[in-house]
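My questions are about this predicted structure, shown below with the sequence.
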Amino acid sequence: MTIPTLPLLRLNNSEQSVVSQLRNALVSYSAANKIRSNLYEGEHSATDLGISAPEGLPELIEAVAGWPGTVVDVLEERLEFLGWTGEYEEILSEIAQDNQLRVESGRGHLDTLIYGIGFVTVGRGVVSDGEPEVLINVEPTEDCTVNWNFRARRADAALSQTRNVNGLVEWETLYLPNETIRFRRRSDGQMIVEERDQHDLGRVPVARLLNKDRASDVGGRSEITNPIRYLTEAAIRTLVGMEINREFYTSPKWTALNADPAVFGMGKDKSPSQNRRAGWTATSGRFNVIPLQEGPDGEPVEVKLHEFRPAPPTPYIEQIRAYAQLLSAEAGIPGPYLGFVTDNPSSADAIRQEEYRLVKRAERRQTSFGMGWMEVARLALMFQGQFDPAMMRDLNVAWKDAATPTRAATADETTKYIGAGVLPPDSRVTWTRMGLSEPEQRQLEKDSRRTNVQRLVEQARERRAAPMPVPAIDTITEE
């Protein structure tokens, strides 16, 4: 007997077509994303040119360089998401705290800088399982993609995948304007719909973070560009050459003229490995005296030793330094970040001048990433049923200052703003500019409320303890 399949347990033709299209997009991006991931993680090795290095040595050395990771990290470290400010600040602050967005946002920024694009999904959480009412997740870029509507500036559909430890897709989630469908893979390979959330938002609950998008390429661009990849691979090849040179530099090669190989423990009757081991023993200083050998006429023959002095690694270091300078210009980061520092430390003004371009790039990322976090706020409010388009215009994304001012400079600036009446001393804006953390600001608010209550109580006590004024009595004088 055949058991009929419920329509809800299968994707319809339209949904299946969207899923197939999104899966193909993930496959098309996977190779390039894997290369960028390996470059960031320091797992990418350069292709050997097969000219100077002996065959097999580059594969044995497995040299790598962490420059792409440095390029991404120094920019991500200046992108600290603080939440939202405006009419919905209190509600969104609770949502951000429940979803640990101070941590999750950094993961999203990191993926966006590596791959050029990042994704954040919003949905209903299972409160009975300990999830927040509004669940916000930063999706891995390698396992998520969208069909983007460039005119509406939002997604028409999105797909995210969840893999097991073996890399096999176990769960998939399809995000549509009015419904989120979650389905899993059965043991026979069939994808079965596990859950349908009919949210009816009229909007796909997926936000997109973009890095270095252009009018002609609105899909985003990775910070690990082709020039950075080439310079990294060139530096890796130079490191391989320096590593091989180190072996010769540590143990110089010697040549003995007019000497009997038997003196060094070598002979034609021995295997190549035995002769090689004997030569290594000789060059390591295991012999001190070589006896004189007799020539054809019985006369002694002088044995001559010659050392091939290897070149120092200085040319390799200078070549790597040149690559570092080129990469510094391409990535817009100070040269010392790549490991080459001078003996004389730079002054504070010189450091700020070196970091100017990096700070400006971080501020640009705050602007572009802020559009994605504004979409996250909109979706979170829509799931809570508290969305008001008019009030959204007063909502902004809060970021920590991308520059690195000293505490003294920050305190001096804040004091001057307070003295001029620009900032009130007990405002969260003032505390944020001073660099106080969110827990510290909440504690200051509690202390301020406690102080105000105590002041009101003391004033009431003073009024109660003060003597009542005696009313004046008019004196009537009789004539």
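Noted; the coordinates are in hand.

Report the rounded mean pLDDT for the longest helix along the chain.
For the chain, the helix with the greatest residue count under DSSP state H is helix 348-384. Helix 348-384 shows a mean pLDDT of 89.

ditto for stretch 411-421
The average pLDDT for stretch 411-421 rounds to 78.

Stretch 43-60 too?
For stretch 43-60, the mean pLDDT works out to 73.

Would you indicate which residues of the longest helix of the chain are buried?
For helix 348-384, the neighbour count (16 or more other Cβ atoms under 10 Å) marks 354-355, 358-359, 361-362, 365-366, 369-370, 372-383 as buried. Quick note: C-beta positions are derived from backbone N, CA and C, even for glycine.

And for stretch 113-128?
113-125.

Stretch 174-184 now?
Result for stretch 174-184 [16+ other Cβ under 10 Å]: buried residues Leu174, Tyr175, Leu176, Thr180, Ile181, Arg182, Phe183.

Nearest to Ile192 among the buried residues of stretch 113-128?
Nearest to Ile192 among the buried residues of stretch 113-128: Gly123, at 19.5 Å, using Cβ to Cβ.

where's the closest one, which helix or strand?
Using DSSP states H and E, Gly123 maps to strand 117-124.

Just the CA trace of that strand, in PDB.
In PDB, the C-alpha atoms belonging to strand 117-124 read as follows (Å, rounded to 0.1, in the frame of the first residue of the first chain):
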ATOM      1  CA  ILE A 117      29.800  39.500   1.700                       C
ATOM      2  CA  GLY A 118      28.200  38.300   4.900                       C
ATOM      3  CA  PHE A 119      24.700  37.300   5.900                       C
ATOM      4  CA  VAL A 120      22.600  37.700   9.000                       C
ATOM      5  CA  THR A 121      19.200  35.900   9.500                       C
ATOM      6  CA  VAL A 122      16.300  36.800  11.700                       C
ATOM      7  CA  GLY A 123      13.500  34.500  12.900                       C
ATOM      8  CA  ARG A 124      11.400  33.300  15.800                       C
END
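
and the helix or strand just after that strand, which strands flank it?
Note on strand 117-124: by DSSP H and E, the next helix or strand toward the C-terminus is strand 134-139. When pairs are called by DSSP bridges, strand 134-139 turns out to pair with strand 117-124 (antiparallel).

how about stretch 100-116 as PDB, C-alpha atoms only?
The C-alpha trace of stretch 100-116 is given here as PDB (Å, rounded to 0.1, in the frame of the first residue of the first chain):
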ATOM      1  CA  GLN A 100      25.100  38.200  22.100                       C
ATOM      2  CA  LEU A 101      25.500  40.400  19.100                       C
ATOM      3  CA  ARG A 102      28.600  42.100  20.500                       C
ATOM      4  CA  VAL A 103      30.300  38.800  19.700                       C
ATOM      5  CA  GLU A 104      28.200  37.500  16.800                       C
ATOM      6  CA  SER A 105      28.700  40.800  14.900                       C
ATOM      7  CA  GLY A 106      32.400  40.400  14.900                       C
ATOM      8  CA  ARG A 107      32.100  37.000  13.300                       C
ATOM      9  CA  GLY A 108      29.900  38.500  10.600                       C
ATOM     10  CA  HIS A 109      32.300  41.300  10.000                       C
ATOM     11  CA  LEU A 110      35.200  38.900   9.700                       C
ATOM     12  CA  ASP A 111      33.400  36.700   7.100                       C
ATOM     13  CA  THR A 112      32.400  39.800   5.200                       C
ATOM     14  CA  LEU A 113      36.000  41.100   5.000                       C
ATOM     15  CA  ILE A 114      37.300  37.700   3.900                       C
ATOM     16  CA  TYR A 115      34.700  36.800   1.300                       C
ATOM     17  CA  GLY A 116      33.400  40.300   0.400                       C
END
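
mind listing what's buried in that stretch?
101, 104-106, 108-116.

Using CSV, lay out those together with distance to Ala32, pLDDT and secondary structure.
Converted to CSV, the buried residues of stretch 100-116 look like this (distance: Cβ to Cβ, whole Å; pLDDT from 0 to 100; DSSP: H, G, I helix; E, B strand; the rest coil):
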residue, distance to Ala32, pLDDT, secondary structure
Leu101, 28, 93, helix
Glu104, 25, 93, helix
Ser105, 25, 94, helix
Gly106, 23, 93, helix
Gly108, 19, 95, helix
His109, 20, 96, helix
Leu110, 17, 95, helix
Asp111, 14, 95, helix
Thr112, 15, 96, helix
Leu113, 15, 96, helix
Ile114, 11, 96, helix
Tyr115, 9, 95, helix
Gly116, 10, 94, coil
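
if we can go back for a sec, can you name the next helix or strand after the longest helix of the chain?
helix 389-392.

In PDB, list the C-alpha atoms belonging to that following helix.
Taking Å, rounded to 0.1, in the frame of the first residue of the first chain, the C-alpha atoms of helix 389-392 are listed here in PDB:
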ATOM      1  CA  PRO A 389       8.400  53.100   9.400                       C
ATOM      2  CA  ALA A 390       8.300  56.700  10.700                       C
ATOM      3  CA  MET A 391      10.300  55.900  13.800                       C
ATOM      4  CA  MET A 392      12.800  53.900  11.800                       C
END
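
ok, residues contacting whatever helix or strand comes next after that helix?
Downstream of helix 389-392, the next assigned helix or strand under DSSP H and E is strand 396-399. Contacts with strand 396-399, where a contact means Cβ atoms under 8 Å, 6 or more residues apart in numbering, come from 79-86, 366, 370, 373-374, 377, 432.

on that earlier part again, could you single out the nearest of the buried residues of stretch 100-116 to Glu62?
Ile114 (22.1 Å).

distance of that closest one from Arg107?
Ile114 sits at a distance of 11 Å from Arg107 (criterion: Cβ to Cβ, to the nearest Å).

Kindly report the same for Val165.
Separation of Val165 from Arg107 (Cβ to Cβ): 20 Å.

now Asn99
12 Å.

now do Ala235
Shown here: Ala235 relative to Arg107, a distance of 28 Å by Cβ to Cβ.

One more: Gly69?
Between Gly69 and Arg107 the distance is 15 Å, computed by Cβ to Cβ.

try Pro205
Counting by Cβ to Cβ, the gap from Pro205 to Arg107 is 19 Å.

And for Ser17, the neighbour number?
Applying other Cβ atoms under 10 Å, we find 11 residues neighbouring Ser17.

And the strands in the protein?
Taking DSSP state E, the strands of the chain run over residues 81-85, 117-124, 134-139, 144-149, 154-163, 169-175, 180-185, 191-197, 206-210, 253-257, 293-294, 300-301, 304-308, 396-399.

mind putting these in a markdown table, distance to Ile91 and mean pLDDT included?
Below are the strands of the chain laid out as a markdown table (distance: least, Cβ to Cβ, whole Å; pLDDT from 0 to 100):
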| stretch | distance to Ile91 | mean pLDDT |
| --- | --- | --- |
| strand 81-85 | 9 | 89 |
| strand 117-124 | 14 | 94 |
| strand 134-139 | 10 | 94 |
| strand 144-149 | 26 | 93 |
| strand 154-163 | 22 | 92 |
| strand 169-175 | 23 | 91 |
| strand 180-185 | 22 | 89 |
| strand 191-197 | 21 | 86 |
| strand 206-210 | 18 | 94 |
| strand 253-257 | 74 | 64 |
| strand 293-294 | 95 | 62 |
| strand 300-301 | 97 | 66 |
| strand 304-308 | 76 | 61 |
| strand 396-399 | 15 | 90 |
